[in-house]
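In: Output the structure for:
(chains A, B and C)
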Amino acid sequence: MVTLTDYLIVGAILFGLSLAGMIINRKNLIIVLMSVELMLLAVNMNFIAFSSFLQDPRGQIFVFFILAVAAAETAIGLAILIILFRHRQSINVTDLDTLKG
Amino acid sequence: MELLKTLSLLVVIAPLVGAAGAGLFCRQVSKQFAHRLTIALMGFSLILSLYVACLVIGQDQSYEGVLYLWGQSGKLTLNVGFLIDNLTACMMVTVTFVSFLVHIYSIGYMAEDGGYQRFFSYISLFTFFMLMLVTANNFLQLFFGWEGVGLASYLLIGFWFNRESANQGSFKAFLVNRVGDFGFVVGIAGVLGYFGSLDYIPVFAAIPGVAEANTLIPGTSWSVISFIGFFLFVGAMAKSAQMPLHVWLPESMEGPTPISALIHAATMVTAGVFMVARLSPLYQYTPSMQSFILIIGATGALFTGLIAIVQNDIKRVVAYSTLSQLGYMMAAAGVSAYAASIFHLMTHAAFKALLFLGAGSVILAMHHDQDLRHMGGLRKQMPITYFTFLIGTLALCAIPPFSGFFSKDAIIEAVHSSQIGGASYAYVCVVLGSFVTAFYSFRALFLAFHGEGRMSHEAKHHVKESPWVVWLPLVLLAIPSVIQGYMMVGPMLFSEPSYLGNSITVLTQNNVLMRMGEEFRGGFHMILESFGNFPLWFAILGAFSAWIAYVKKPELPPLCVKRFKWLYTILIHKYGFDDFNDWFFVRGGQRTAKLMYQGDARIIDDFFVNGAGRLITWCSATARRLQTGYIYHYAFVMLLGLMALLVWLMFR
Amino acid sequence: MNFTPPDFFPAILEMLTLGMTCLVMLVYLFLDQKNRGITYFLTQITLLGTAVVAISLHGSPEVITFDGSFILNSQAILLKIFILLSVSFVLMYSRTYIRENDILHGEFYLLVLFSVLGMEVLVSAYSFLTLYLGLEIFSLPLYALIALKGNKPVCQEAAIKYFIMGAIASGFLLYGISLIYGACQSFNIHEIISMMSLSIHTEPLLLTLGLVFMSAGALFKLGIAPFHMWVPDVYEGSPNAMTLLIATAPKLAGFALLTHILVEALPVLFPQWQYLLIAVALLSMAVGNIIAIVQDNIKRMLAYSSIANMGYMLLGLIAGTPRGYGAALFYMIIYVVMSLGAFGVITMLSRKGFELEKVDDFKGLNTRNPWLAFMMLLILFSMAGVPPSAGFFAKVGVLEALVKVNIVWLPAVALVFAIIGAYYYLRVVKVMYFDEPLEKTPVILESFDTQLAISINGLAVFFLGLFPTTLIELCQQAFLA
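Out: Numbering: from 1, shown residues only, chains lettered A, B, ... in the order given. Next comes the predicted model:
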């Protein structure tokens, strides 16, 4: 029997993975964007698990909203990424250090 | 009541509007506009304050209320509010009247000056602060007005800021007033700490209950009321230039003459007298402070007058005479003759402003030469100035039937019939003072207007009567100097209810004026009676001596100076107040400062102050390196922060 | 089965904004190149019109609608009024800047309007769903806005940093929401409150975790340490007009976000979040005030100053009394008015091809434009908390609220930091008034409305210091009902 706790642990692991992806990754901004997506999916996991165990459909409705917003967010993220690439010819995270101090 | 509130608000606000209009746009507006605007608003203010006076004194109305709640802290509320009663109404009329005339006068006096608009802005601003001071219904607003008039006064003393002496005068006024402010703030803090409120009405109501029972420190005889009264009076001493905090007033004469007339004779310096009268419910319950006020005032009345005898600068003579007259006012307040004090304040405002403006007119004719030794014989060239100045002098010397006679005679009589400690000493001082007053006033008059002209031949031809904007205020001020005393002496001092109504509190055992009132049978009778008393004969004697010394036998004064070298030296050094201050505060201060500086530079500056500064800068420079600019570091910091908060909350 | 439509009236402000935004979009499409200035006026009409409606709504009773997920009360209305007005001022200040720097006109105004819509929704949110949606609607346009100025590479860097950090923060927020949802079986604030008051929450772990994650998301939006790392970079990298925008109205929205979560939804957890806020407030005041000292870029300096100021604002929430919340709201409003003025001056002084960024660019401003320098002086004095400026009363308010609940050490520490902070504000004053200008040409402001706006703004700081009572009372009432 898979319990609620198991689902929550999976969600937590996904969340941790996404954070790790952002912190450890030193190469490509695309990977950071993917991690952001993964983070939202971890949250979705939580919502669906709770929704199912609480017998409450509203959690799943929330998930739809998150998915929609995530799509919009990714679109904007990629757009910014593209103009960044146009100007710098690079989307390497280590190159983004003009602003500091 | 609402009408009174609105009227008073307009009276107070109008000068502020004028000041803002002339000051904020001083580069945009023309000279004409600046003076027209400010004078129109001052005139408006004057008319309304006359109306207020009619309502308050004539119809016995009054207003006490809060206009705006400025701040609140616990039980303490800090308000902007008005207390419009008879005392306030008298002060409002005096202030706006003199201010209005000084505005007009300044058109002529300041005509050539570069800072014309700025000047009008300042004097209007000053009037605003002064009105705030007299209309206040709480100590905080009183303090606001108090500091405001101080500010305007420093600005105006230092108005000609490229003159070294003007800057020094301004600085001295600033320093001395800081001493007074210190006392004033301590006094206010005492009021707040002891009564828990800063509004007049609740504080006054609470005073009789606590007057005797409470001592400040258990086991001593210091009552709380005396403590508060003393420190508040220190503030009044600085502002009203009482000995020994009087040293700034003569220096303040470096400012333009209209300022001397408005601020340093008629209004601001009387703020201390006003405050003592306003706080009469407080001072009534502290006999020790009453004696103190009396002695300080009477001493000032005689001894500053003596200094005036040896001064050669026409403005300084008038300045020292102001000090002396302020002494009279304080002495009257000391013997609980507040009505006489305020009465003298009002007559003095008129005739002293007249004397100052007259002196200004002379200075204008002499092309800003203020030395009496260079004048003489101006009577013929400047008849209007001469006659008005003469009227002012007669009023100042308390010659009947001029206004000064009634107020000053009332003060002397009040001091005479008082029984509080120091009254007999004070009586000697004020009676001798009337001789001295007459002597120095007529000395100045004779030196300036009589005898042979001592100016250069060329200058003699240039001397002519001043333009009408200058002499018109003189004439307008001469009228009250003649009639005000006779008309007001009865209703102001002795009738029931008097002009001051219930706005002052006098305990029955202190009420000298009431005892005098029993014998009062009208102004004319007062004149007749005075011929049987010392003061008048002393004054006439003083004037006569001056005539002998400076007109009949001009060789006499140098002889006296030689004969009484020691006295002359004392007087010319002004009893050494300035030298003492110079030696003790300035040089002693410098020496202490040097000593402190060396210790300070090594220990405090290097180690603590700069050390702390360096430490913070070092922290800052180090901490900014944490901001690396890399996204993954930022994300990591966020994660760390989150984790730390989680741990902090879970295992707290 | 019968269908009763929900009460739409409480959302009238949002509907107005949305309708007008669509109108602006359509009008912009059909305008030819030279008439496109009209979008500016339409946008201003939208903002000011909505603000007028909001003012007229003030004082109406509290309404909850849309199945308990949307609320209109005096607090929401007050915040909306100030959001709309501040954005309107932002547009006035940046109008010349936008025109001269060839930033795409219509897009700029449209994105601003959408962002405003998001802020309004967020302010009125009464369930975590509307809260989240409002947050995203107001954040996403801001990311795009920063990247809008095509020719400046740092802009894109700032945009991508803001975007990624913001995405992580909303991830935190969502994760927190999901946990609270699991613990309370609802994300409706009203239901959460009733669940909590039944005191059957057997899941203290879930609640604490949810609280920390949600707070982290909200604190990020306000730029509070340790979630502040984006603030200096984004403030510095953004074009001046965008900095002006993100430094003002979003702070008010962020305040609403934080109070919705902590004060309204989770008051039961007060003992926990009080400790949390004490920690972050101290850190913010320290980090902000200390690092600001060595900055020579004025935008960066003001960014650190904003971090510190947000720390002060939190002190009001830490007090945990309606009085404290009111003081925090007052602090927030005053801060927004001040930073509007400060960044407004920076934006106005920037010309085509010249971005004012260095503190040294302020040298001798007094000789170049005395009025502007004087306004800046008022604002800086207020930021430094010199009495009797508005900033002084704001600080006094929050500190007093703390003293009232017998927390004295925290105000003492805050005062020490405030003294350190005064140094860098006064340094700018010194530079403006006592240093020789780098260039002698006088600064002339072309448009009249900009001059009027900065005068109103500077004098508002001054007069709110002289007459603060009315606004303080409005703020207090917002939390008393």
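
In: quick one, what contacts the closest residue to residue C:347 other than its chain neighbours?
Out: Distances taken as C-beta to C-beta, 6 or more residues apart in numbering or on different chains place residue C:240 nearest to residue C:347, at 4.5 Å, with adjacent residues excluded. All C-beta spots, glycine's among them, are computed from the backbone N, C-alpha and C. Residues counted as contacts of residue C:240 (C-beta atoms under 8 Å, 6 or more residues apart in numbering or on different chains) are C:94, C:97, C:299, C:343, C:346, C:347, C:350, C:355, C:356.

In: can I assume the first one is in contact with residue C:350?
Out: No - at 9.3 Å, residue C:94 does not count as touching residue C:350 under the criterion of C-beta atoms under 8 Å.

In: Give the residue from those two that has the larger number of neighbours.
Out: residue C:94 (27 against 21; other C-beta atoms under 10 Å in any protein chain shown).

In: any idea how far the more buried one lies from chain A?
Out: Note on residue C:94: its distance to chain A, by C-beta to the nearest C-beta, to the nearest Å, is 21 Å.

In: helices or strands next to the helix or strand containing that residue in the packing?
Out: Using DSSP states H and E, residue C:94 sits in helix C:74-100. Where contact means 3 or more C-beta pairs under 8 Å, 6 or more residues apart in numbering or on different chains; DSSP states H and E, helix C:74-100 is packed against helix C:38-57, helix C:105-124, helix C:240-246, helix C:249-259, helix C:322-349, helix C:448-466, helix C:469-480.

In: State the mean pLDDT of the third one.
Out: If I follow you right, that is helix C:240-246. The pLDDT scores in helix C:240-246 average 92.

In: Now do the buried residues in the helix holding residue C:94.
Out: For helix C:74-100, burial by neighbour count (16 or more other C-beta atoms under 10 Å in any protein chain shown) applies to C:74-98.

In: helix, strand or coil for the residue of the stretch 401-550 of chain B found nearest chain C?
Out: Relative to chain C, the nearest point of the stretch 401-550 of chain B is residue B:503 (29.2 Å; C-beta to the nearest C-beta). Per DSSP: H, G, I helix; E, B strand; the rest coil, the local secondary structure of residue B:503 is coil.

In: show me the contacts for it.
Out: B:85, B:86, B:87, B:88, B:278.

In: so what's the backbone phi/psi at it?
Out: phi -80, psi -10 (degrees, to the nearest 10).

In: Please report how far it lies from chain A.
Out: Counting by C-beta to the nearest C-beta, the gap from residue B:503 to chain A is 65 Å.

In: And the next helix or strand past the helix or strand where residue B:16 lies?
Out: Assigned by DSSP H and E, residue B:16 falls within helix B:2-24. Where DSSP H and E defines the elements, the next helix or strand beyond helix B:2-24 is helix B:31-53.

In: which helices and strands sit right next to that next one?
Out: helix B:2-24, helix B:86-109, helix B:116-135.

In: three-state assignment of the residue of chain A found nearest chain B?
Out: When scored by C-beta to the nearest C-beta, chain A has residue A:100 as its residue closest to chain B, at 3.0 Å. Secondary structure for residue A:100, judged by three-state DSSP, is coil.

In: Neighbours of it, how many?
Out: 17.

In: list the contacts for it?
Out: B:627, B:628, B:629, C:233.

In: Tell me who's in contact with residue B:502.
Out: Applying C-beta under 8 Å, 6+ apart, the residues near residue B:502 are B:85, B:86.

In: ok, now residue C:393?
Out: So residue C:393 contacts B:71, C:330, C:334, C:464, C:465, C:468, C:472 (C-beta under 8 Å, 6+ apart).

In: Nearest to chain A among the residues you listed?
Out: residue C:334 (28.4 Å).

In: Show me which helix runs longest in the chain.
Out: Answering for chain A, as no chain was given. helix A:58-88 (DSSP state H).

In: think we crossed wires, I meant chain B
Out: Longest helix in chain B, counting by DSSP H: helix B:164-195.

In: Which other helices and strands does whichever helix or strand comes after that one contact?
Out: Proceeding N to C from helix B:164-195, the next assigned helix or strand is helix B:200-210, under DSSP H and E. When contacts are defined as 3+ C-beta pairs under 8 Å, 6+ apart, helix B:200-210 sits against helix B:164-195, helix B:224-239, helix B:280-283.

In: mind listing what's buried in helix B:200-210?
Out: So for helix B:200-210, counting by 16+ other C-beta under 10 Å, buried means B:200, B:203, B:204, B:206, B:207.

In: and the fourth one, what is it in contact with?
Out: With contact set as C-beta under 8 Å, 6+ apart, residue B:206 has these partners: residue B:195.

In: Ok, the third one next?
Out: Neighbouring residues of residue B:204 by C-beta under 8 Å, 6+ apart: B:281, B:282, B:505.

In: Compare these and tell me which has the most neighbours.
Out: residue B:282 leads the contacts of residue B:204 on contacts (other C-beta under 10 Å) with 23 neighbours.

In: That one and chain A, how far apart?
Out: 61 Å.

In: what's the answer for residue C:125, then?
Out: 13 Å.

In: got the contact list for stretch A:54-65?
Out: A:44, A:47-48, A:50-52, C:129, C:132-133, C:177-178, C:181-182, C:185-187.

In: Return the distance of it from the chain's centre.
Out: Distance, stretch centre to chain centre, for stretch A:54-65: 19 Å (C-alpha atoms, centre = their mean, to the nearest Å).

In: buried ones in it?
Out: A:54, A:58, A:59, A:62, A:63.

In: Tell me which residue in chain B sits closest to chain A.
Out: Closest point on chain B to chain A, by C-beta to the nearest C-beta, is residue B:629, at 3.0 Å.

In: List the contacts of that residue.
Out: Taking C-beta under 8 Å, 6+ apart, one finds A:96, A:97, A:98, A:99, A:100, A:101, C:233 in contact with residue B:629.
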